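Q: Provide a 3D model corresponding to the input given below.
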Amino acid sequence: MVESIARVRHIRVTPQKARRVVALIKGKQAQEALAILKFAPQGASEPIYKLVAAAIANARVKADKDAEYLDEQDLYVANAYVDEGTTLKRFQPRAQGRAFQIKKRTSHITVVLSTPEVADAAPAAKTSKKASK
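A: Numbers count the residues shown, from 1 in each chain. The predicted structure is shown next:
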């Protein structure tokens, strides 16, 4: 089983908007996720597309390093989540000498790709105990 992780930190997308896009690809195959992200109209879909592509490349490198076979069609998005990054605070001048605070939010996005587990051992036979009366 190959598992690869790709992260991007301090990306200038609000976490709320990024979570909407990440919800589209959770549990999907990696190639299908790339197709969804390519045509998604949201602005956060472009950096997440690049992140999934990087995770696929990481899986390829990890499989080569461990001398394992990797079929990229088997990869799926095992987990994807968005954490809140640092908030850049800016000020905009307002009327009568006041200042209005603008919060420019950032996100930390993580994508975990994995191949499905293949059970080598046969399932153990279930034994049932009958109650004696």
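
Q: Just confirm V13 is within a helix.
A: No. If the criterion is DSSP: H, G, I helix; E, B strand; the rest coil, then V13 is coil and not within a helix.

Q: nearest residue to it other than its sequence neighbours?
A: A44 (4.5 Å; Cβ to Cβ, 6 or more residues apart in numbering). The C-beta positions use only the backbone N, C-alpha and C, and glycine is treated the same way.

Q: where in this structure is pLDDT low?
A: 118-133 (pLDDT under 70).

Q: The biggest strand by length in it - contacts with which helices or strands?
A: Assignment by DSSP state E gives strand 76-93 as the longest strand of the chain. Other helices and strands packing on strand 76-93, by 3 or more Cβ pairs under 8 Å, 6 or more residues apart in numbering; DSSP states H and E, are strand 3-11, helix 15-25, helix 30-39, strand 99-114.

Q: quick check: angle from the second one to strand 3-11?
A: Okay, so that is helix 15-25. For helix 15-25 against strand 3-11, the angle by axes from the mean of the first three to the mean of the last three Cα atoms, to 10 degrees is 160 degrees.

Q: Buried residues in helix 15-25, which are they?
A: For helix 15-25, the buried set under the neighbour-count rule, 16 or more other Cβ atoms under 10 Å, comprises P15, A18, R19, V21, V22, L24, I25.

Q: so can I have JSON lines of these showing distance to R60?
A: Listed next are the buried residues of helix 15-25 as JSON lines, based on distance: Cβ to Cβ, whole Å:
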{"residue": "P15", "distance to R60": "29"}
{"residue": "A18", "distance to R60": "25"}
{"residue": "R19", "distance to R60": "28"}
{"residue": "V21", "distance to R60": "24"}
{"residue": "V22", "distance to R60": "22"}
{"residue": "L24", "distance to R60": "24"}
{"residue": "I25", "distance to R60": "19"}
